[in-house]
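In: How does the following fold in three dimensions:
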Amino acid sequence: MSRSHRSSNQASQQVSQQSGQLRQQLKDSSIVVAPGVFDALGASLAEQAGFDTAYLSGASLAYTQLGRPDIGLLSITEICTAMSHIRERTNLSVVVDCDTGFGNAMNVMRSVRLLERAGANAIQLEDQTYPKRCGHLRGKTLVSKSEMVGKLHAALDARENDNTLIIGRTDALGVEGTDSAIERAQAYYEAGVDMLFIEGIRSDEDISKIMTQFKGKVPIMANMVEGGDTPLQNAQALEDLGFSLVIFPGALVRAITHMASRFFATLKQDGTTDAFRDQMLDFKQLNDYLGTQAMLELGEQYDNR
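Out: The predicted structure is shown next:
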């Protein structure tokens, strides 16, 4: 067996082990907190801060890679590329936003296989029509419950590793109401998904109905969007309510956009970055973080061999 093939097998085994650990964490009483990321640098910073799980956000990829809103412009290619970069750089467990799966059941199967091979630990699929839009925007439309159940069965059948988690998301709450969302979520649970995500929860009454139906049966995911439909709560409060995972998908982009706007305004006004220096890393600090010297020394080991 070649060295590269052994390395590939070892990487696959590591991802499988991570997925199994994430699966176990979601069964525990403590909530898993997953910050939203969109590239390898952000993921590595999350890992350095002590997080063991991150959420690869489709919305954040659209915002940063395309400079556009989350309205279905992204493709599976951009998601897989970002996932592979994050996997090469970090040991995080990564929950991946796969939007609608980019088509019918056959497209879903391909998307799941590609994301698994890129290093995903969990793959989220939603029941919007394609192209979709952000769950906190108005004007969403849904595929039929039966079509979505079929797509979830396809995802479960397509995964190459049983430890890879498949997450069923419904956007029905904002379109058809809470009872319809719970009915759809029940169908997705019966299809065999590993976690449920009911998007756009608006009230304590919604949470009570959802937890009455599902708590103790299957992990439930919460989504915290600053300025979105769901009232913001901290991780401890969400844990107390019965949620197993909370994501903050676009928070990093909103923080960076706010900071970058101030940075560019300062540079435009002053013609220098001096006034912003106390809010920046300098050249050496960034290279120290990236491990530049260690990588150069590693490369030198292979010179003139």
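In: Need the mean per-residue confidence for the biggest helix by length in the chain.
Out: Longest helix in the chain by number of residues (criterion: DSSP state H): helix 3-27. Mean per-residue pLDDT for helix 3-27: 81.
In: Name the next helix or strand following that helix along the chain.
Out: strand 32-37 (DSSP states H and E).
In: any idea how far that next one is from the chain center?
Out: 7 Å (CA atoms, centre = their mean, to the nearest Å).
In: Could I get the CA-only coordinates of the next helix or strand after it as CSV?
Out: Beyond strand 32-37 in the direction of the C-terminus, DSSP H and E gives the next helix or strand as helix 40-48. Coordinates of each C-alpha in helix 40-48 appear next as CSV, following Å, rounded to 0.1, in the frame of the first residue of the first chain:
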residue,chain,number,x,y,z
ALA,A,40,-9.8,27.2,7.2
LEU,A,41,-8.5,30.3,9.1
GLY,A,42,-11.8,30.9,10.9
ALA,A,43,-12.0,27.2,11.7
SER,A,44,-8.5,27.1,13.1
LEU,A,45,-9.3,30.2,15.3
ALA,A,46,-12.4,28.5,16.6
GLU,A,47,-10.3,25.4,17.4
GLN,A,48,-7.7,27.5,19.1
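In: residue ranges of the strands in the stretch 101-250 of the chain, please?
Out: Using DSSP state E, counting those that start in this stretch, the strands assigned to the stretch 101-250 of the chain run over residues 122-126, 165-170, 195-198, 220-223, 245-248.
In: So for residue 299, which of these sits nearest?
Out: Nearest to residue 299, of all the strands of the stretch 101-250 of the chain, is strand 122-126, at 34.4 Å by CB to CB. To be clear about C-beta, it is placed using only N, CA and C from the backbone, and glycine gets the same treatment.
In: where are the low-confidence patches of the stretch 101-250 of the chain?
Out: Residue ranges of the stretch 101-250 of the chain with pLDDT under 70: 135, 137.
In: Now with 90, please.
Out: Scanning the stretch 101-250 of the chain for pLDDT under 90 picks out the ranges 129-141, 174, 200, 202, 225, 227-232.
In: ok, back up a step: can you check what angle separates the longest helix of the chain from strand 165-170?
Out: Relative orientation of helix 3-27 and strand 165-170, computed by axes from the mean of the first three to the mean of the last three CA atoms, to 10 degrees: 50 degrees.
In: and helix 3-27, how far from the chain's centre?
Out: How far helix 3-27 lies from its chain's middle: 18 Å, per CA atoms, centre = their mean.
In: ok and it relative to strand 32-37, angle-wise?
Out: Interaxial angle of helix 3-27 relative to strand 32-37 (the same axes, to 10 degrees): 130 degrees.
In: Return the set of buried residues in helix 3-27.
Out: For helix 3-27, the neighbour count (16 or more other CB atoms under 10 Å) marks 15, 16, 18, 19, 20, 22, 23, 25, 26 as buried.
In: How about stretch 142-153?
Out: 142, 143, 145, 148, 149, 150, 151, 152, 153.
In: out of those, which are inside helices?
Out: When DSSP H is applied, the buried residues of stretch 142-153 are split such that 145, 148, 149, 150, 151, 152, 153 fall in helices.
In: Please name the nearest non-neighbouring residue to the second one.
Out: Nearest-residue entry for residue 148: residue 127, 4.1 Å, with adjacent residues in sequence omitted and distances by CB to CB, 6 or more residues apart in numbering.
In: That concludes my questions; thank you for your assistance.
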